[in-house]
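*Asks:* Task: produce atomic coordinates for the following.
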Amino acid sequence: MSFSLRQLQYFLAIAETGSVSRAAAHLSTSQSTITEAMKDLEADLGVKLLERQSRGLGLTHKGQLFRRHAERIWQDVADARGALANVAPEVTGRLTLGVTSLVAGYVLSDLLARFSRAFPGVSVDLVEDGHDYLEHLLLNGEIDLALVTMSGLHNPESLAADELEAYRYRLWVASGHVLAERDQLDLGMISEFPQITLNIDEIEEAVDHLWRGSGLRPHIAFRSRSVEAVRALVAGGVGVAILPDLVFRPWSLDGLRLEARQISVSMPTVKAALVRRRGYRDNLNARRFIEVTLSHNAGRLMP
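*Replies:* The predicted model follows:
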């Protein structure tokens, strides 16, 4: 293989923005340059990475796999440059991090990998539990930070949160589903189809609140605490689901495709956040983890 870092940068920009034109604008280059680079990259790899969809460009199944490796390569290059520019004594110590189950499955691994590359001498201990109990552990000083999805803090006078990213809710449908052909959907259309719901953290509560506010009572075909079960049922055409982009992936485990569509009403969001005790700066490794995490989110689109 002979693909270049520039090709990886173009590919990751398309994956992030969903179009060649937006990627070209962000990177201050021409669309033709990016298009030709992607053709060469696909030819070099011998697989199709991108496919045209009704709302722009999307990644194929192979493209999704390649994206994970490309992101790691890009980060490794950034880390190598940073290591040469900032040679400092090795940082050691421990960090105890609490996580909810949803965050553990979709956010944690990437952040841990980035922190470990930046501070390989720091040992990280993980505690998985619900949001409320993690707040309790923070207040008692039993953990240093909590990585959670959140709608608010129960102890704002003692705890503070650094928001990482907000994920909007959209409708999940099987590829080829009649609703996938529409650009905008209202809740009345959606309510005509069986609903698959995910009862994890505040997600089920947010969707139930949305339906109650609409005055509609859709048929709930299945409730599950498994994201993969919901994804498989939607991809298999059993029903549709209103879920945040945090957990969206375009393929089920058995290889069936699903798509996400916007809903034409004001939709809630799920926020990922790092929660800490006020005065957390006494813990330098907690501070370092926050800095690494926030710098990653600020640079999701590569310059």
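*Asks:* Give me the nearest residue to the residue positioned nearest the centre of the chain, chain neighbours excluded.
*Replies:* Geometric centre of the chain, nearest residue: Leu246, 4.2 Å, by C-alpha atoms, centre = their mean. Spatial nearest neighbour of Leu246, chain neighbours left out: Tyr167 (4.0 Å); criterion: C-beta to C-beta, 6 or more residues apart in numbering. Where C-beta positions appear, they are placed from N, C-alpha and C, glycine not excepted.
*Asks:* Show me what the longest helix along the chain packs onto, helices and strands only.
*Replies:* Counting residues, the longest helix found in the chain (DSSP state H) is helix 61-85. The helices and strands touching helix 61-85, judged by 3 or more C-beta pairs under 8 Å, 6 or more residues apart in numbering; DSSP states H and E, are helix 5-17, helix 108-118.
*Asks:* Name the nearest residue to Asp254, sequence neighbours excluded.
*Replies:* Ala232 (6.5 Å).
*Asks:* Could you do Asp44 as well?
*Replies:* Closest to Asp44 by C-beta to C-beta, 6+ apart is Phe3, at 5.1 Å.
*Asks:* The one you found belongs to a strand?
*Replies:* No: Phe3 is assigned coil when assessed by DSSP: H, G, I helix; E, B strand; the rest coil, not a strand.
*Asks:* picking up where we left off before, and the residue nearest to Leu246, which helix or strand is it part of?
*Replies:* Assessed by DSSP states H and E, Tyr167 sits inside strand 159-174.
*Asks:* Can you give the strand pairings for that strand, parallel or anti for each?
*Replies:* Next to strand 159-174 in the sheet, as set by DSSP bridges, lie strand 241-244 (antiparallel), strand 258-261 (antiparallel), strand 269-277 (antiparallel).
*Asks:* other SSEs contacting the strand or helix carrying the residue nearest to Asp254?
*Replies:* Here Ala232, judged by DSSP H and E, is contained in helix 227-235. If you count contacts as 3+ C-beta pairs under 8 Å, 6+ apart, helix 227-235 packs onto strand 159-174, strand 195-198, strand 220-224, strand 241-244, strand 258-261.
*Asks:* Please identify the most buried of the ones you listed.
*Replies:* strand 241-244 (a mean of 26; mean count of other C-beta atoms under 10 Å).
*Asks:* thinking again about what came up before, and the helices and strands packed on helix 61-85, which is most packed in?
*Replies:* helix 5-17 (a mean of 20).
*Asks:* could you give the angle of whichever helix or strand comes after that helix to helix 5-17?
*Replies:* Counting by DSSP H and E, the next helix or strand C-terminal to helix 5-17 is helix 20-27. Angle, helix 20-27 to helix 5-17, by axes from the mean of the first three to the mean of the last three C-alpha atoms, to 10 degrees: 120 degrees.
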